[in-house]
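[1] The amino acid sequence is not available; the structure is as follows:
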């Protein structure tokens with residue numbers, strides 16, 4: 001239940017929630033199991049249902065549904081890729097922090113990556129219906145959460161925050177695009 005309240009707090013008032021998160025010890029395994037594991041299920045499940053059960057309208061082809069096996073494998077791939085993306089993003093944040101005058105702390109960097117990525121996972125509900133997929137852009141609310149958390153979690157000076165945030169956003173978009181492209185190439189019918 002604590003995870004639900006944490007998620008609501010980070011979405012509703014990220015500045016005050018980051019202060020609370022900073023005061024707690026950073027536990028990477030608990031963060032991965034308690035936060036990433038359930039949140040990464042959202043796009044995996046809704047994407048599977050949208051592609052395999054509801055289907056999409058293909059131009060000139062009518063209604064198209066992906067094969068169930070392909071959809072399950074694609075959903076699993078996307079789920080595992082979510083873990084890889086946040087772990088790599090946490091590593092990028094930790095390595096880049098000293099370059100921007102911040103402190104290198106992988107546990108805090110991973111925390112920043114996970115909670116900043118939460119809106120992307122929650123926007124995965126829009127994968128259910130093909131006409132709503134454009135609403136995945138709501139995941140960019142994570143940039144605001146990132147900006148709110150950088151001072152508390154990375155301890156970077158205020159004047160370096162815009163450049164640091166830009167670097168993180170570029171890496172996050174690149175990692176997400178790479179994961180999505182790999183999933184699209186491997187499981188074209190199910191994505």
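    Looks like it arrived, so ask away. As the structure is a prediction and not an experimental result, all values here were calculated from the model.

[2] Contacts only, for the residue nearest the centre of the chain.
    Nearest to the mean C-alpha position of the chain, by CA atoms, centre = their mean, lies residue 117 at 3.0 Å. Counting by CB atoms under 8 Å, 6 or more residues apart in numbering, residue 117 makes contact with 82, 85, 86, 89, 142, 172. In this view, the C-beta of every residue, glycine as well, is placed from N, C-alpha and C.

[3] can you give me the offset of the host helix or strand of it from its chain's centre?
    If you go by DSSP states H and E, residue 117 is part of helix 106-122. What separates the centre of helix 106-122 from the centre of its chain is 7 Å, taken as CA atoms, centre = their mean, to the nearest Å.

[4] got it, and stretch 33-45?
    The answer for stretch 33-45 is 10 Å, by CA atoms, centre = their mean.

[5] Give the next helix or strand downstream of the one helix or strand residue 37 maps to.
    Element membership for residue 37 (DSSP H and E) is helix 37-48. Moving toward the C-terminus from helix 37-48, the next helix or strand (DSSP H and E) is strand 56-58.

[6] which residues does residue 64 bridge with?
    According to DSSP bridges, the partner residues bridging residue 64 are residue 56.

[7] How many neighbouring residues does it have?
    Counted with other CB atoms under 10 Å, the neighbours of residue 64 add up to 12.

[8] distance of it from residue 74?
    To residue 74, residue 64 is 15 Å away according to CB to CB, to the nearest Å.

[9] Repeat that for residue 103.
    39 Å.

[10] Tell me the pLDDT of the residue of the chain most remote from its centre.
    The centre of the chain is farthest from one residue, residue 60, which by CA atoms, centre = their mean lies 33.9 Å away. Listed pLDDT for residue 60 reads 75.
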